[in-house]
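Engineer: Got a predicted structure plus its sequence, pasted below:
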There are 2 protein chains.
Amino acid sequence: MAAFRHLNEMPKTACHDDIRDSRAAVAGFVARLHHAPVSGRTLDALCKQGTLLTLGKGEDIPLLTGQGTVACICEGATKLIATASRQREQIVAFHFRGDLVSIPQSGEHAYSMKALKDSEVLLFAAEAFLKIARGDPGLLEATLVRTQTALFRCRDKAVGLGRKSASERMASFLMIMAERIGTNEGGGCLLDLPMSRRDIGDSLGLTIETVSRQIGEFRELGLAETDGRSRIFLPDLKTLSIYTGHV
Amino acid sequence: MAAFRHLNEMPKTACHDDIRDSRAAVAGFVARLHHAPVSGRTLDALCKQGTLLTLGKGEDIPLLTGQGTVACICEGATKLIATASRQREQIVAFHFRGDLVSIPQSGEHAYSMKALKDSEVLLFAAEAFLKIARGDPGLLEATLVRTQTALFRCRDKAVGLGRKSASERMASFLMIMAERIGTNEGGGCLLDLPMSRRDIGDSLGLTIETVSRQIGEFRELGLAETDGRSRIFLPDLKTLSIYTGHV
DNA sequence: CGTGCCGTTGAAGGTTCTCAACCGTGGTGG
DNA sequence: CCACCACGGTTGAGAACCTTCAACGGCACG
């Protein structure tokens, strides 16, 4: 089970490791969120309203019912899943350290969120978060900018899902991952993907078989080398980008 | 050509119809944007920085180059197009009266925007708009909320594009349009679609032929009646919603 | 070292796309 | 007012791409 730490349930005077860690997590996250200095009041309010969760790989992140949720990924990686119907899931976005995610209480589809690996997530009720942000224009603006980024990414995703072939989707995915979590390695890019083939398929609107075949194609083209289940080395991003189908 | 009206090029003292109209357009839009009262200073700033365009059907909305654009749809309907490659377009969203649209300067794909019918659009440089909003927390918050709504819609769209059949996409599209621009009519819902079959196809990731066939299927099921090119009557939204493939 | 899940590979089938022809609407000009 | 024209929409047949179904291989866990 996920380890809950209601930040407001602990005495402020106590020099408890958990408290220090929690405050540090909040402070660290906000620092990454907007580079302007954060007021102590805002930090206090965030600590008071937020819930810090430590999740194991595969664990479900409990979204709030009856209201929107704001999740801050302090550490690790998560997936945001929409369930169209039983046995038919679409991963709407992957999120990594420093990302801020807004999930509505209800929409066309049911949403859920899972940790791809051991993660640390800070949860807020959307209303409460907005209320705090209202009192701190810098935080409000940072949230807006993050939301815009998420929107732009989602639009690009929609283009891929609507108008691209399997190999183009795969190439796009690899390029995006290279940019977000890749590490330079001898002229190429090394990826240590936290998600399974099923996750990739559910993200690209493809089956696991098609994902596997497409990776195989890139391997034969000399554009990808796989090592175990999660590691992929991309020796030539420039050539790979040609296959994304962008103009 | 689109009729440009740089709001700041006109003397403030003149009681010119255009000016009154422009100010009225800005004021009207902001009033719909957030229901809190708008400060005069913010209104002045918006009028000063914004460009009001009157566009004819099919006209291109000139996005700013080298920087992001914020577009406010004061009147009419528009489509936001992403071009994956030549002859392969994906409509990312349709926008109607009262919508606020953010378009980045550059992303994975090239974006453009067109009027579906005679429209009135207020354009801002994203930076300038953000600067004004920074001085008016109410506007900033309203923008955030609108951006979130756009994100949520885009996610739902991504689910449809990734995991739904042609008929499910068509049903979803009709339901969304019914909600956004439909009018109640004798127990059912009357749609006067401003977009062509090609637009619908480009929005749903389908071809015009498939769109046509799917509408035909719903017609045979007694769930849709077409009248000319643009009018569609949906006698039974409840039954139609079953076909959307939502849980 | 065994077991189970994840990933890979192969063959058959289905949904949608492509190509092509036709039809109807709506606008224009006589 | 009617006829024409052009474009948008409809309908049909064949092909392509991806999925589905099935079996096998291999890594990671107990």
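Structural biologist: Ah, there it is. Numbers count the residues shown, from 1 in each chain, chains lettered A, B, ... in the order given.
Engineer: near chain B, anything from stretch A:91-110?
Structural biologist: Yes. On the criterion C-beta under 8 Å from any C-beta of the partner chain, stretch A:91-110 is in touch with chain B at A:92, A:93, A:102, A:104, A:107, A:108, A:109, A:110. Where C-beta positions appear, they are placed from N, C-alpha and C, glycine not excepted.
Engineer: Over to the last one: give its phi and psi.
Structural biologist: The main-chain torsion angles of residue A:110 are listed as degrees, to the nearest 10 and equal phi -90, psi 130.
Engineer: can you count the residues close to it?
Structural biologist: 15 (other C-beta atoms under 10 Å in any protein chain shown).
Engineer: do the same with the second one
Structural biologist: Taking other C-beta under 10 Å as the criterion, the count of residues near residue A:93 is 20.
Engineer: which element is it on?
Structural biologist: strand A:88-96 (DSSP states H and E).
Engineer: contacting residues around the residue most central in space within chain A?
Structural biologist: Central residue of chain A (C-alpha atoms, centre = their mean): residue A:95, 0.6 Å from the mean position. For residue A:95, the contact set (C-beta atoms under 8 Å, 6 or more residues apart in numbering or on different chains) comprises A:71, A:73, A:77, A:78, A:79, A:80, A:101.
Engineer: Let me know the closest of those to residue B:199.
Structural biologist: residue A:80 (28.4 Å; C-beta to C-beta).
Engineer: need the residues of stretch A:91-110 next to chain B in JSON lines with pLDDT, can you?
Structural biologist: Listed next are the residues of stretch A:91-110 next to chain B as JSON lines, based on pLDDT from 0 to 100:
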{"residue": "A:92", "pLDDT": "97"}
{"residue": "A:93", "pLDDT": "98"}
{"residue": "A:102", "pLDDT": "98"}
{"residue": "A:104", "pLDDT": "95"}
{"residue": "A:107", "pLDDT": "82"}
{"residue": "A:108", "pLDDT": "87"}
{"residue": "A:109", "pLDDT": "93"}
{"residue": "A:110", "pLDDT": "93"}
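Engineer: quick check: domain ranges of chain A?
Structural biologist: A:3-161, A:164-242 (automatic domain parsing).
Engineer: how about a markdown table for these, with distance to residue B:167 added?
Structural biologist: Formatted as a markdown table, those follow (distance: least, C-beta to C-beta, whole Å):
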| stretch | distance to residue B:167 |
| --- | --- |
| domain A:3-161 | 13 |
| domain A:164-242 | 17 |
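Engineer: Does DNA strand D have contacts with the longest helix along chain A?
Structural biologist: Ranked by number of residues, the top helix in chain A under DSSP state H is helix A:137-163. No. Helix A:137-163 stays clear of DNA strand D (C-beta under 7 Å from any atom of the strand), getting no nearer than 10.3 Å.
Engineer: After that helix, which helix or strand is next?
Structural biologist: helix A:166-181.
Engineer: and that following helix with chain B, contact?
Structural biologist: Yes. Residues of helix A:166-181 are located near chain B by C-beta under 8 Å from any C-beta, namely residue A:172.
Engineer: send the alpha carbons of that helix over as PDB?
Structural biologist: Extracted in PDB, the C-alpha atoms of helix A:166-181 (Å, rounded to 0.1, in the frame of the first residue of the first chain):
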ATOM      1  CA  ALA A 166       2.800   2.800 -36.400                       C
ATOM      2  CA  SER A 167       6.500   3.400 -37.200                       C
ATOM      3  CA  GLU A 168       6.000   7.200 -37.100                       C
ATOM      4  CA  ARG A 169       4.400   6.900 -33.700                       C
ATOM      5  CA  MET A 170       7.200   4.700 -32.400                       C
ATOM      6  CA  ALA A 171       9.800   7.100 -33.700                       C
ATOM      7  CA  SER A 172       8.000  10.100 -32.200                       C
ATOM      8  CA  PHE A 173       7.800   8.300 -28.900                       C
ATOM      9  CA  LEU A 174      11.500   7.400 -28.800                       C
ATOM     10  CA  MET A 175      12.400  11.000 -29.700                       C
ATOM     11  CA  ILE A 176      10.200  12.400 -26.900                       C
ATOM     12  CA  MET A 177      11.600  10.000 -24.400                       C
ATOM     13  CA  ALA A 178      15.100  10.800 -25.500                       C
ATOM     14  CA  GLU A 179      14.400  14.500 -24.900                       C
ATOM     15  CA  ARG A 180      12.700  13.900 -21.500                       C
ATOM     16  CA  ILE A 181      14.600  11.100 -19.800                       C
END
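Engineer: who does the helix or strand just after that helix pair up with?
Structural biologist: Per DSSP H and E, the first helix or strand lying C-terminal to helix A:166-181 is strand A:183-185. Each strand that pairs with strand A:183-185, with its direction, by DSSP bridges: strand A:188-192 (antiparallel).
Engineer: Need the contact partners of the strand it pairs with.
Structural biologist: Residues contacting strand A:188-192 (C-beta under 8 Å, 6+ apart): A:174, A:177-178, A:181-184, A:230-237.
Engineer: Average pLDDT for it, rounded please.
Structural biologist: Regarding strand A:188-192, the rounded mean pLDDT is 95.
Engineer: Stretch A:232-247 too?
Structural biologist: On average, stretch A:232-247 scores 93.
Engineer: Is that stretch positioned near DNA strand C?
Structural biologist: No. Stretch A:232-247 stays clear of DNA strand C (C-beta under 7 Å from any atom of the strand), getting no nearer than 9.0 Å.
Engineer: neighbouring contacts of that stretch?
Structural biologist: A:164-165, A:167-168, A:171-172, A:174-175, A:178, A:182, A:185, A:187-191, A:193, A:215, A:218, A:222-227, B:83-86, B:88, B:108-110.
Engineer: List buried residues within the residues you listed.
Structural biologist: A:164, A:167-168, A:171-172, A:174-175, A:178, A:182, A:188-191, A:193, A:215, A:218, A:223-224, B:83-84, B:108-109 (16 or more other C-beta atoms under 10 Å in any protein chain shown).
Engineer: now the helices for chain A?
Structural biologist: A:17-33, A:40-49, A:126-134, A:137-163, A:166-181, A:197-204, A:208-220, A:237-242.
Engineer: returning to that earlier point: just the ones of the contacts of residue A:95 in strands?
Structural biologist: Using DSSP state E, A:71, A:73, A:77, A:78, A:79, A:80, A:101 are the members of these that sit in strands.
Engineer: Out of those residues, which is nearest to residue A:145?
Structural biologist: For these, the nearest to residue A:145 is residue A:101 (14.2 Å; C-beta to C-beta).
Engineer: need the contact list for the closest one.
Structural biologist: For residue A:101, counting by C-beta under 8 Å, 6+ apart, the contacting residues are A:70, A:71, A:72, A:73, A:78, A:80, A:93, A:95, A:113, A:150.
Engineer: burial measure for residue A:207, as a count.
Structural biologist: 14.
Engineer: who's in contact with it?
Structural biologist: Going by C-beta under 8 Å, 6+ apart, residue A:207 touches residue A:201.
Engineer: Next up, phi/psi of it, please.
Structural biologist: phi -90, psi 160.
Engineer: And it, how close does it get to DNA strand C?
Structural biologist: 9 Å (C-beta to the nearest atom of the strand, to the nearest Å).
Engineer: Tell me the spacing between that residue and chain B.
Structural biologist: 11 Å (C-beta to the nearest C-beta, to the nearest Å).
Engineer: Cross-check the contact I'm expecting between residue A:73 and residue A:117.
Structural biologist: No. The criterion here is C-beta atoms under 8 Å, and residue A:73 misses it with residue A:117 at 11.4 Å.
Engineer: Going by how many neighbours each has, rank the two and give me the top one.
Structural biologist: More neighbours surround residue A:73 than the other of residue A:73 and residue A:117, with 22 against 16 (other C-beta under 10 Å).
Engineer: Any idea how many residues pack against the closest residue to residue A:222 other than its chain neighbours?
Structural biologist: Spatial nearest neighbour of residue A:222, excluding adjacent residues (C-beta to C-beta, 6 or more residues apart in numbering or on different chains): residue A:235 at 7.1 Å. Neighbourhood size, residue A:235 [other C-beta under 10 Å]: 16.
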